[in-house]
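Asker: starting from these lines, generate the structure:
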Amino acid sequence: MEYAGLVLGFIAVIGGLAIGGLAIVLGIRHDRRKREMEHIERMKALELGRTLPQDQPWLTPAKLAALIGGAVPLGAFASAASATISSGFHVGIWVAASIVGTAAAICGACVADESGRSEKSADTSLDVKPYVEDDAYDVVSSRG
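Answerer: Now for the predicted structure:
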């Protein structure tokens, strides 16, 4: 009876290792196929002259506009508040913070507007039919 439990335990361990090994092999094959498909997708996008979403830079003009329009005024007013706490209230500090904040908001809006225009013009250029010369295709020989 003791040998039967030992044999069953041995079979369970070997079976578990076999199933684990099979899972590892199938996972490696799946990853390889996934990389092949991503490569095919990337090459097709390059042929068509398009970029994939992961190829675009992290700091796009729209993110830069949000950063300029939001973070700069926030930083200016935080600096003005810190200066007021440390040295007392002075009108010049808050006037300067207001001017910097307003200018940053205006500049952020201008950058956002320009980025929107450039994205629209880039999208319409892909819809244009490519120019093909009249003699590029030999129609006579295809008739037989």
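Asker: so the residue nearest the centre of the chain: helix, strand or coil?
Answerer: Nearest to the centroid of the C-alpha atoms of the chain, with distances taken as CA atoms, centre = their mean, sits Q54, at 4.2 Å. At Q54 the chain is in helix, as set by DSSP: H, G, I helix; E, B strand; the rest coil.
Asker: domains in the chain, by residue range?
Answerer: Domain ranges of the chain: 1-53, 57-123, per automatic domain parsing.
Asker: how far off centre is the shortest one?
Answerer: Going back to what we said before, that points to domain 1-53. 27 Å (CA atoms, centre = their mean, to the nearest Å).
Asker: try stretch 75-95
Answerer: Chain-centre distance of stretch 75-95: 38 Å, with CA atoms, centre = their mean.
Asker: what does that stretch contact?
Answerer: Here stretch 75-95 makes contact (CB atoms under 8 Å, 6 or more residues apart in numbering) with A96, A97, V100, G101, A104. Glycine gets a C-beta too; all of them are placed from N, C-alpha and C.
Asker: show me the helices in the protein, by range?
Answerer: 2-48, 61-66, 72-87, 91-125, 140-143 (DSSP state H).
Asker: pLDDT of the second one, averaged?
Answerer: This points to helix 61-66. Mean pLDDT, computed over helix 61-66, is 85.
Asker: where does pLDDT dip in the chain?
Answerer: Scanning the chain for pLDDT under 70 picks out 1, 53, 118-130, 135-144.
Asker: L59: what's it in contact with?
Answerer: The contact partners of L59, by CB under 8 Å, 6+ apart, come to none.
Asker: tell me how far it lies from A71.
Answerer: 13 Å (CB to CB, to the nearest Å).
Asker: so how far is E36 from L26?
Answerer: From L26 to E36 the distance is 16 Å (CB to CB).
Asker: so which of the domains of the chain is nearest Y131?
Answerer: domain 1-53 (14.3 Å; CB to CB).
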